[in-house]
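**Q** Turn this into a model:
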Amino acid sequence: MIQGLNHFTVLTDDLERTLDFYVHTLGLKPGPRPDFGFPGVWLYVGDAALVHILSDRKLPVQRSGALDHVAFSARGLAAVVAQLESRKIDYELRRQPESNIWQLFCFDPNGAQVELDFDAAESR
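**A** Down below sits the predicted model:
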């Protein structure tokens, strides 16, 4: 059945702020996208288009909808924290019980909760 995550889609009413968050704050890279006949951007991690952003649809009243959050594996905890703080983006940082993995939670400009998981050996 399921073999991995292909991508997730973010709806936005502010494409520039959304791109700024995912590209400049989290480090994803814009890349090729087929012409689907409606506006959007694909953001990549390596060769994989992991985040699809659409700006032509109405956002739901409850911004997060039924999905609670999306989680990424990440590196560079101290640099990410510095980046979030320099951009005045609120976040919560905690350790996962037993594994001690660092879990950093924040929200994108559209209200989608993003989790970044860092190796337990990284320092804050």
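**Q** Just say helix, strand or coil for the nearest residue to Leu28 once chain neighbours are set aside.
**A** What sits nearest to Leu28 in space, not counting adjacent residues and going by Cβ to Cβ, 6 or more residues apart in numbering, is Leu43, at 3.9 Å. Just so you know, the C-beta spots here come from the backbone N, C-alpha and C atoms, and that holds for glycine as well. Look at Leu43: counting by DSSP: H, G, I helix; E, B strand; the rest coil, its state is strand.
**Q** Who does Leu43 form a beta bridge with?
**A** On the basis of DSSP bridges, Leu43 is bridged to Pro30, Val51.
**Q** Wait, it touches Arg33, no?
**A** No. Using Cβ atoms under 8 Å, Leu43 is not in contact with Arg33; the gap is 9.6 Å.
**Q** higher neighbour count, these two?
**A** Leu43 (23 against 15; other Cβ atoms under 10 Å).
**Q** Tell me the spacing between the more buried one and Arg75.
**A** As judged by Cβ to Cβ, to the nearest Å, Leu43 and Arg75 stand 17 Å apart.
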